[in-house]
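Enquirer: Predicted coordinates and the sequence they were generated for:
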Amino acid sequence: MLGAFRSALATPDLRRKILFTLGIMALYRLGSQVPSPGVNFANVQQCISTVSQDGVFGLISLFSGGALLQLSVFSLGILPYITASIIIQLLTVVIPRFEQLKKEGQSGQNKLTQYTRYLTVALAILQSTGIVALATRGQLFTNCSVQPIPNQDLFTLSVIVITMTAGTAIIMWFGELITERGIGNGMSILMFTSIAARIPNEGQVILQQSGGLVFTAVCLFGLLIIGFVIFLEQAQRRIPVQYAKRMIGRRMYGGTSTYLPLKVNQAGVIPVIFASSLLYLPQLIISLTTNTGGSGSWQQWIQSYIVDPASAGHIALYFGLIIFFTYFYVAITFNPDERADEMRKFGGFIPGIRPGRPTSEYLTYVLNRITLPGSLYLGVIAVLPSFFISITGTSSTGSNNNFPFGGTAVLIMVGVGLDTIKQIESQLMQRNYEGFLR
């Protein structure tokens, strides 16, 4: 491993890409700490110590590396782009024009990327407006006695919204620069940076509240979880595919054997994001109705049995939503009929299975069987923080009670880390160096 790192840094072109990626990551973290114009930095720091990150803004705070509560230039983080990408991907199934663009190759993909950018800016305007409105009304920092935005005239608030929206556009630019000139997928690297920036603070909270013994146990348990996630992220079912020989002109083509890889976690981290976003709606409803004077028994019931992350109802609902969204997302992104038709056009077939409809039915059968363990795996990893709250004794009203090795964070970090290492590995192999994976 160390020899591979040494070989990567010794290669001028690869070293330049790695240093460029690290430089962009440093700029991204710097922008996450710079407050927006009109925001009182001292008041914001005072309010952060009194707020819980388990509410409706927990997901945004996760993908912004804690910059949301800082009301910084990069407060929104990468989440508007993620949301826009998911929406565009889902619309390709519904809108025929988008589906046609997807099939046009690079030109169509560039057009979809352009639509994603426009939608990202629109979502950034909506989200920044909502965050600023909640900050001025005292709902973002509910227990804070000072005002994070002292001057609340229309011009100042408009400048903050424009600054946050421009920050999101700059983040998109950073991601594209990393993809073109650096190592790995730019947006994924920035997500990795945001999540990794929170781990030291989370470890410090556990160490202060639970002691060194629990902290050591958490580190050891975290290593086991990461190993388990790496194993299942790499796991796949390889369906053998045979291509028949064909004469085209005076040359023979085909006659090769390959395989169709079906990953156990075919949906990635998207089902966890969908389920998390849906579970934040009850918390938002309670916040809005409580502020208008409502405090009925139904609100207390929702707070105790659905919103509370340590409750059995929250865990069961979260787990069930992840399983549902896993099947839903896999059904949208993987079309067995299209795969079977592509194989038939190029003379491919699965040994023992007739081309056409029988191949599609077989792929559907295998996909349904392999999606079940994948969805269970996602559910178990996602609910680990809820179980961990009671074990560590971390208060639900503290500044941060997220288990650093569970949920969306570990899935994204491991996935991005594996993808980046594979890209460095491929470039090392091109230069005849021994890589990371043996």
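Expert: Received, thanks.

Enquirer: Is Y329 in contact with I270, as I believe?
Expert: Yes. With contact defined as CB atoms under 8 Å, Y329 counts as touching I270 (5.2 Å). For every residue, glycine as well, the C-beta is placed using N, CA and C.

Enquirer: Shouldn't N151 be within a helix?
Expert: No. Applying DSSP: H, G, I helix; E, B strand; the rest coil, one finds N151 to be coil, outside a helix.

Enquirer: Find the residue closest to it in space, skipping its chain neighbours.
Expert: G38 (6.1 Å; CB to CB, 6 or more residues apart in numbering).

Enquirer: who's in contact with that neighbour?
Expert: I149, N151, T156, L157, V159, I160 (CB atoms under 8 Å, 6 or more residues apart in numbering).

Enquirer: For W173, see how far away T113 is.
Expert: 13 Å (CB to CB, to the nearest Å).

Enquirer: ok, back up a step: three-state assignment of the residue nearest to N151?
Expert: coil.

Enquirer: separation between it and V121?
Expert: If you go by CB to CB, the gap between G38 and V121 works out to 21 Å.

Enquirer: Next: R237.
Expert: 40 Å.

Enquirer: what are the ranges of the helices in the stretch 201-350 of the chain?
Expert: Ranges of helices within the stretch 201-350 of the chain are 212-234, 270-291, 297-302, 312-333, 336-345, based on DSSP state H, counting those that start in this stretch.

Enquirer: Would you reformat the ones you listed as CSV and include mean neighbour count and distance to R357?
Expert: Output for those, formatted as CSV (neighbours: other CB atoms under 10 Å; distance: least, CB to CB, whole Å):
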stretch, mean neighbour count, distance to R357
helix 212-234, 14, 31
helix 270-291, 18, 29
helix 297-302, 12, 47
helix 312-333, 18, 18
helix 336-345, 16, 7
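
Enquirer: looking at those, which is closest to C47?
Expert: helix 270-291 (16.3 Å; CB to CB).

Enquirer: Please name every helix or strand in contact with the closest one.
Expert: helix 58-63, helix 79-94, helix 297-302, helix 312-333, helix 357-392, helix 407-430 (3 or more CB pairs under 8 Å, 6 or more residues apart in numbering; DSSP states H and E).

Enquirer: thinking again about what came up before, K263: which of the helices of the stretch 201-350 of the chain is closest?
Expert: helix 212-234 (7.8 Å).

Enquirer: Quick one: mean pLDDT for the closest one?
Expert: The pLDDT scores in helix 212-234 average 84.

Enquirer: Same question for stretch 105-122.
Expert: 89.

Enquirer: okay, now the domains of the chain?
Expert: Here the domain assignment for the chain is 1-197, 210-405, based on automatic domain parsing.

Enquirer: Dump the ones you listed to a markdown table, plus distance to S426.
Expert: Below are the domains of the chain laid out as a markdown table (distance: least, CB to CB, whole Å):
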| stretch | distance to S426 |
| --- | --- |
| domain 1-197 | 11 |
| domain 210-405 | 16 |
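
Enquirer: from these, which stretch is densest packed?
Expert: domain 1-197 (a mean of 18; mean count of other CB atoms under 10 Å).

Enquirer: would a markdown table of the contacts of G38 with pLDDT and distance to G374 be doable?
Expert: Below are the contacts of G38 laid out as a markdown table (pLDDT from 0 to 100; distance: CB to CB, whole Å):
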| residue | pLDDT | distance to G374 |
| --- | --- | --- |
| I149 | 84 | 44 |
| N151 | 82 | 51 |
| T156 | 88 | 48 |
| L157 | 90 | 45 |
| V159 | 91 | 46 |
| I160 | 90 | 42 |
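
Enquirer: Now flag whichever of those residues is closest to K345.
Expert: Using CB to CB, those come closest to K345 at I160, 54.1 Å.

Enquirer: Settle this for me: that closest one is touching S36, isn't it.
Expert: Yes. At 4.8 Å, I160 counts as touching S36 under the criterion of CB under 8 Å.

Enquirer: what do the two both touch?
Expert: L71.

Enquirer: Tell me, how many residues neighbour the closest residue to I230 other than its chain neighbours?
Expert: Closest residue to I230 apart from its sequence neighbours, by CB to CB, 6+ apart: V414 at 5.7 Å. By the measure other CB atoms under 10 Å, the count of residues near V414 is 23.

Enquirer: Quickly note the distance from V414 to T371.
Expert: 20 Å.

Enquirer: any idea how far the closest residue in space to I323 that isn't next to it in sequence lies from N368?
Expert: Counting by CB to CB, 6+ apart, the nearest residue to I323 once its immediate chain neighbours are dropped is S375, at 4.3 Å. Separation of S375 from N368 (CB to CB): 11 Å.

Enquirer: again with Q114
Expert: 35 Å.

Enquirer: any low-confidence regions in the chain?
Expert: Across the chain, the ranges flagged by pLDDT under 70 are 1-5, 49-67, 139, 142, 246-255, 284, 287-296, 309-310, 386-407, 431-438.

Enquirer: CA atoms only for stretch 116-127 - export them in CSV, please.
Expert: The C-alpha coordinates for stretch 116-127 follow below in CSV (Å, rounded to 0.1, in the frame of the first residue of the first chain):
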residue,chain,number,x,y,z
THR,A,116,-29.2,19.5,-13.8
ARG,A,117,-27.2,22.7,-13.4
TYR,A,118,-30.3,24.9,-14.0
LEU,A,119,-32.4,22.8,-11.5
THR,A,120,-29.5,23.0,-9.0
VAL,A,121,-29.5,26.8,-9.0
ALA,A,122,-33.3,26.9,-8.7
LEU,A,123,-33.2,24.5,-5.7
ALA,A,124,-30.4,26.5,-4.2
ILE,A,125,-32.5,29.7,-4.3
LEU,A,126,-35.5,27.9,-2.7
GLN,A,127,-33.4,26.3,0.0
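
Enquirer: All further residue positions should be reported with the first residue as 766.
Expert: That works, and once the first residue is 766, the last one we named lands at stretch 881-892.

Enquirer: surely L899 meets L905?
Expert: Yes. The pair L899 / L905 is scored as a contact, 4.4 Å apart, by CB under 8 Å.

Enquirer: Would you confirm that V1148 contacts G1085?
Expert: No. The criterion here is CB under 8 Å, and V1148 misses it with G1085 at 10.7 Å.

Enquirer: roughly how far apart are L792 and G976?
Expert: Distance from L792 to G976, by CB to CB: 37 Å.

Enquirer: Then M952?
Expert: 38 Å.
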